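*Asks:* Predicted model and sequence below, questions to follow.
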Amino acid sequence: MKITALKFIALTAPLGDGKAYGMSKSLSAGRQSTLVRLTLEDGTEGWGEAWGMPPVNLAYEPFLASYVVGTSVFDIEHVFGRILARHYHFGVQNQMMAAISGIDIAAKDAAGKLLGLPVSRLIGGRRIDAVPFYASGGYLTETPEPDFAPQIEEMAKAGYRAVKIKIGVSPDSDVARVATAREILGPDVEILVDINTNYTLDIALESVARLAPYRVGWVEEPLAPQDVANLARLNRATTVPIATGEALYTVFDFKRLTDAGAADVLQPDLTLCGGFWQGRKIAELAHACHLRLSPHVWGGAIGLAAALHYIAALPLYPHSDNVPKPVLLEYDLGVNPLRSDLLKAPILPQDGVIRVPDGPGLGIEIDPAALERYGA
C-alpha cells in the first residue's frame, strides 16, 4: 500500500498573559507542534507529531515528500536510511530529523490501521495494556516562589506515586524546592528533578550532593547534552541516577552516552529522535547496556499516544517476575491544549496508570474542530 500524500499541519496554542511556565532557562507563553498527516492510496490516514518550530518543519515538507510519496508504507524505514545516507552533510541533529520522526509515527499509525493492529504489536509485541507514569510539574513561573507549593499540593491531592519537578536556578533554590516537595508529598513518593542543562559541572556536583538527604530518584539533564565527558564525570561521582536524552537525535547520539558511561536512564523523545524507527534502536542500545529507559513526552496528544505504544512494546529484560522500577511514561501536568483538546477521546491517567489505546494504529481519533481552532 503506497503513500500518496504527505501534509504538515502547524498548531499553536497561546497560554495568555501571566500564564507562562517552564524551566530554569526560560518560560513558555504557549505550546506549539507540527502534525503530520500521511495518506495511503486507499484513503487510509496516519497521524504523527514532529517536535520543534512548525515553520521550520513545514519548510522540510516538499523535500521529504519527494522521497516518501510513492513508497510502500511498510518500507518507510528504508527511505529514511536513504535520506540520511545521501544527505549526510545535513547531519541528524536538526529539524529534518524531527520531521522524519513525525512521518514515521504517521506511517506506523497508517500501517496499524491497514492491518487492524495497534502500533505496539507492530514494533515488538504488546507486553502490557497500561503504563505507569510520573507526573511532570512543579514548573517555574513568573512568580516562582508563591506558585511552587500549590503545584506540589495538587500533586499530593491527586495521589501521584512519582513526580518530577523543575530545579536548576541555583543549588540554594534546588534545596528549597526539593525540601518543600518532600515535606508536602511525604516520604514514599518518588521525586525526580530536572535541571534542563542549566549547570556547569561544578555547580551540578554541588547541587546533587546537597540534594542527597531528600532521596531524589534521578537528576535529569544536569549538563548540556553535548558535554558527554562531564556527564560521565558527574555520573561517576554520585550514586544518584543521571537521566538525559530528550535533546538527542538517533541512536548515534545515545551511543556516545553509553560508550562514556554518562547516563543511567535514557530519555528519547519519539517526536524528535527519529520516531519508532530510531526509538526502537535506542531501546535495543539500552537493553544491550543494561540501562533504564523512560521516554520524554512534552508535546501533544499524538506524541503521548506514541510513547504509550512504545513503552507497551518494550521487553521486560533483565527483569522477570519482579520489576524493581518499571519504565515510566512522562505525563505533563502543564496547561497544554494540544494534548487535552486534540483528540475526541483524550488520553488521561486513571488509578496510577494510563491505558494504551486499544484501536488499530495509535488508537486515537483527531478532533477536526481542534485542528481548526489551533491551526497556525
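*Replies:* Yep, it's here.
*Asks:* In contact with the nearest residue to residue 353 once chain neighbours are set aside, which residues?
*Replies:* Excluding its sequence neighbours, the residue lying closest to residue 353 (CB to CB, 6 or more residues apart in numbering) is residue 130, at 3.9 Å. Bear in mind the C-beta positions are built from the backbone N, C-alpha and C, glycine included. Neighbouring residues of residue 130 by CB atoms under 8 Å, 6 or more residues apart in numbering: 353, 354, 355, 356.
*Asks:* can you pick the most crowded of these?
*Replies:* Among those, residue 356 has the most neighbours (other CB atoms under 10 Å), with 25 neighbours.
*Asks:* Does that residue touch residue 309 like I think?
*Replies:* Yes. Residue 356 is within contact range of residue 309, at 6.2 Å (criterion: CB atoms under 8 Å).
*Asks:* beta partners for the residue nearest to residue 353?
*Replies:* residue 355 (DSSP bridges).
*Asks:* ok, then the element right after the helix or strand hosting residue 104?
*Replies:* Element membership of residue 104 [criterion: DSSP states H and E] is helix 95-115. Going down the chain from helix 95-115, the next helix or strand is helix 119-122, by DSSP H and E.
*Asks:* so for that following helix, what's the average pLDDT?
*Replies:* Helix 119-122 shows a mean pLDDT of 97.
*Asks:* Same question for stretch 307-323.
*Replies:* The average pLDDT for stretch 307-323 rounds to 95.
*Asks:* Extract the C-alpha set from it and format it as CSV.
*Replies:* This file holds the C-alpha atoms of stretch 307-323, laid out as CSV (Å, rounded to 0.1, in the frame of the first residue of the first chain):
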residue,chain,number,x,y,z
ALA,A,307,5.1,6.9,23.8
LEU,A,308,2.4,4.7,25.3
HIS,A,309,2.7,2.2,22.5
TYR,A,310,6.5,2.4,22.7
ILE,A,311,6.6,1.5,26.4
ALA,A,312,4.0,-1.2,26.0
ALA,A,313,6.2,-3.0,23.5
LEU,A,314,9.5,-2.8,25.4
PRO,A,315,10.9,-6.1,26.7
LEU,A,316,11.0,-6.8,30.4
TYR,A,317,14.6,-8.0,30.4
PRO,A,318,16.7,-8.0,32.5
HIS,A,319,13.8,-8.3,34.9
SER,A,320,11.5,-11.3,35.1
ASP,A,321,8.8,-11.8,37.7
ASN,A,322,9.9,-8.9,39.9
VAL,A,323,10.3,-5.4,38.4
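*Asks:* Identify each buried residue in that stretch, please.
*Replies:* For stretch 307-323, burial by neighbour count (16 or more other CB atoms under 10 Å) applies to 307, 308, 309, 310, 311, 312, 313, 314.
*Asks:* same deal with stretch 209-226?
*Replies:* By neighbour count with 16+ other CB under 10 Å, stretch 209-226 contains the buried residues 211, 214, 216, 217, 218, 219, 220, 221, 222, 223, 225.
*Asks:* packing partners for the helix holding residue 104?
*Replies:* With contacts taken as 3 or more CB pairs under 8 Å, 6 or more residues apart in numbering; DSSP states H and E, helix 95-115 sits against strand 3-14, strand 30-40, strand 45-50, helix 54-68, helix 76-86, helix 119-122, helix 275-289, helix 301-312.
*Asks:* what's the average pLDDT for that helix?
*Replies:* Helix 95-115 comes out at a mean pLDDT of 98.
*Asks:* Restricting to C-alpha, output that helix in PDB.
*Replies:* What follows is helix 95-115 as a C-alpha-only set of coordinates in PDB (Å, rounded to 0.1, in the frame of the first residue of the first chain):
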ATOM      1  CA  GLN A  95      14.500  19.700  12.300                       C
ATOM      2  CA  MET A  96      14.800  17.300   9.400                       C
ATOM      3  CA  MET A  97      15.000  14.500  12.000                       C
ATOM      4  CA  ALA A  98      12.100  15.900  13.900                       C
ATOM      5  CA  ALA A  99      10.100  15.900  10.700                       C
ATOM      6  CA  ILE A 100      11.200  12.300   9.900                       C
ATOM      7  CA  SER A 101      10.000  11.400  13.400                       C
ATOM      8  CA  GLY A 102       6.500  12.700  12.700                       C
ATOM      9  CA  ILE A 103       6.400  10.900   9.400                       C
ATOM     10  CA  ASP A 104       7.500   7.600  10.900                       C
ATOM     11  CA  ILE A 105       4.900   7.800  13.700                       C
ATOM     12  CA  ALA A 106       2.200   8.600  11.000                       C
ATOM     13  CA  ALA A 107       3.400   5.600   8.900                       C
ATOM     14  CA  LYS A 108       3.100   3.200  11.800                       C
ATOM     15  CA  ASP A 109      -0.300   4.600  12.600                       C
ATOM     16  CA  ALA A 110      -1.400   4.000   9.000                       C
ATOM     17  CA  ALA A 111       0.100   0.500   8.800                       C
ATOM     18  CA  GLY A 112      -1.600  -0.500  12.000                       C
ATOM     19  CA  LYS A 113      -4.900   0.700  10.600                       C
ATOM     20  CA  LEU A 114      -4.400  -1.300   7.500                       C
ATOM     21  CA  LEU A 115      -3.700  -4.500   9.500                       C
END
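*Asks:* Thanks again, I'm all set now.
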